[in-house]
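Trainee: no letters, just coordinates:
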Ligand SMILES: NC(=O)C1=CN([C@@H]2O[C@H](COP(=O)(O)OP(=O)(O)OC[C@H]3O[C@@H](n4cnc5c(N)ncnc54)[C@H](OP(=O)(O)O)[C@@H]3O)[C@@H](O)[C@H]2O)C=CC1
Ligand SMILES: O=C(O)C1=N[C@H](C(=O)O)C[C@H](O)C1
């Protein structure tokens, strides 16, 4: 070493080097965090025997995440195995749900459950996931929604995304109506509301999305309107002739029209969201799974909320 160099600070101690070292350590930590949250998320979908569960199973695989090869199905399911994009999924009866989920949670500590079952069991399933401490995305509609949300909020060990609507653009419309009602409460005072929704004939309940959006119309001041006032179309002929549903989508469509009319009949507003197929819900569900996983494992301290909805997921900017 030359005499001049002997007077220079050792490179490992120079301020510039230390700053570079800190930058490099920060970058490595961020890469480690990113690796953790972009590694495949293990997902159990109940029930892959149903239409939405099946579509979500395929979307999980398509997204490069891990679809676990089991699914809790209904009590009367006629087959043992269903095929999701080439992957066989073993169907498990509801009475084996607790032991299955307990085992899967041990094997996959970052397990997230997705539920697309039936309104009659939505509360029982949510209570089960809460008691098992497994995070879940609840797409199933109906049941007692207040009790469902209260169960998640009160639960000690779990977190959930609960929403009747997972389609990004419909969620954005829902958020817009909610914002409008908060910004301009009473803007539609005394207007008359009518709502008609058409779905496949197998849908057993009233649209959960319509119910959620009607809440905003109530806050905007419309004349008394109960959820029971929502008109349901389940007859395929009416879906085609009256609502304009293409015949190819009779087995999977969701057409909603909300009409607001002023007290003297001189002003009218109409809002529509018409969805054919199930792709936007399946993709949104995967976005919700990744959002929940990121909340739980992607940041120091974990999730800040117990209960999220799809407006939270949309606001996080993570919907594709
Ligand atoms: N959040 C959103 O964006 C969306 C929500 N949905 C909602 O998702 C739900 C499911 O819709 P969809 O897939 O069309 O309905 P399906 O009837 O096609 O599927 C429901 C499935 O749940 C099964 N099931 C019944 N009981 C149980 C049980 N105890 N445990 C596990 N599975 C059970 C049924 O089995 P079986 O037939 O043998 O009884 C059936 O396979 C509905 O509430 C619907 O409104 C739908 C689309 C989008
Ligand atoms: O059952 C369906 O199909 C749908 N259910 C959800 C609801 O009830 O709001 C969402 C969409 O309408 C499709």
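Mentor: Arrived safely. Predicted model, so just to flag it, every value in this text is computed and none were measured. Ligands and ions are numbered 1, 2, ... in the order given.

Trainee: now do the helices in the stretch 51-200 of the chain.
Mentor: 51-62, 97-107, 122-132, 145-154, 168-183 (DSSP state H, counting those that start in this stretch).

Trainee: mind listing what's buried in the longest one?
Mentor: Same thing as helix 168-183. 168, 170, 171, 173, 174, 175, 177, 178, 180, 181 (16 or more other C-beta atoms under 10 Å). No exception for glycine: its C-beta is placed from N, CA and C like everyone else's.

Trainee: and for the fourth one?
Mentor: The neighbour-count check on helix 145-154 (16+ other C-beta under 10 Å) flags 145, 148, 149, 151, 152 as buried.

Trainee: between those residues, which is nearest residue 226?
Mentor: If you rank the buried residues of helix 145-154 by distance to residue 226 using C-beta to C-beta, residue 145 comes first, at 15.0 Å.

Trainee: ok, now how distant is that closest one from ligand 1?
Mentor: From residue 145 across to ligand 1, the span is 12 Å (C-beta to the nearest ligand atom, to the nearest Å).

Trainee: sorry, back to before: make a markdown table from the buried residues of helix 168-183 and add distance to residue 236 and pLDDT to it.
Mentor: Listed next are those as a markdown table, based on distance: C-beta to C-beta, whole Å; pLDDT from 0 to 100:
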| residue | distance to residue 236 | pLDDT |
| --- | --- | --- |
| 168 | 28 | 98 |
| 170 | 23 | 98 |
| 171 | 27 | 98 |
| 173 | 26 | 98 |
| 174 | 27 | 98 |
| 175 | 32 | 98 |
| 177 | 29 | 98 |
| 178 | 32 | 98 |
| 180 | 34 | 98 |
| 181 | 34 | 98 |
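
Trainee: give me the number of residues near residue 225?
Mentor: Neighbour count for residue 225, taken as other C-beta atoms under 10 Å: 15.

Trainee: so that it lines up with my notes, have the first residue be 811 from now on.
Mentor: New numbering, starting at 811: the last item is residue 1035.

Trainee: okay, now the residue nearest to it when sequence neighbours are not counted: neighbour count?
Mentor: Nearest residue to residue 1035, sequence neighbours excluded (C-beta to C-beta, 6 or more residues apart in numbering): residue 1003, at 4.8 Å. Using other C-beta under 10 Å, residue 1003 has 20 neighbouring residues.

Trainee: so residue 1003 sits right up against residue 1027, yeah?
Mentor: Yes. Using C-beta atoms under 8 Å, residue 1003 makes contact with residue 1027 at a distance of 5.3 Å.

Trainee: for those two, list the residues in contact with both.
Mentor: Taking C-beta atoms under 8 Å, 6 or more residues apart in numbering as the contact rule, residue 1003 and residue 1027 both touch 1035, 1068, 1070.

Trainee: the residues you listed in strands, which ones?
Mentor: In strands, judged by DSSP state E, the following of those are found: 1068, 1070.

Trainee: nearest to ligand 2, of the shared contacts of residue 1003 and residue 1027?
Mentor: Of all the shared contacts of residue 1003 and residue 1027, residue 1068 has the smallest distance to ligand 2: 13.3 Å, by C-beta to the nearest ligand atom.

Trainee: tell me who's in contact with the closest residue to the closest one other than its chain neighbours.
Mentor: Leaving aside its chain neighbours, residue 1068 sits nearest to residue 1081 (4.6 Å; criterion: C-beta to C-beta, 6+ apart). By C-beta under 8 Å, 6+ apart, the residues touching residue 1081 are 983, 987, 1067, 1068.

Trainee: and for the last one, the neighbour number?
Mentor: Which is residue 1068. Other residues within reach of residue 1068, judged by other C-beta under 10 Å, total 22.

Trainee: ok so, going back, make CSV from the helices of the stretch 861-1010 of the chain and add distance to ligand 2 to it.
Mentor: What follows is the helices of the stretch 861-1010 of the chain, written out as CSV (distance: least, C-beta to the nearest ligand atom, whole Å):
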stretch, distance to ligand 2
helix 861-872, 7
helix 907-917, 22
helix 932-942, 11
helix 955-964, 12
helix 978-993, 8
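
Trainee: that's all I had, so thanks and see you.
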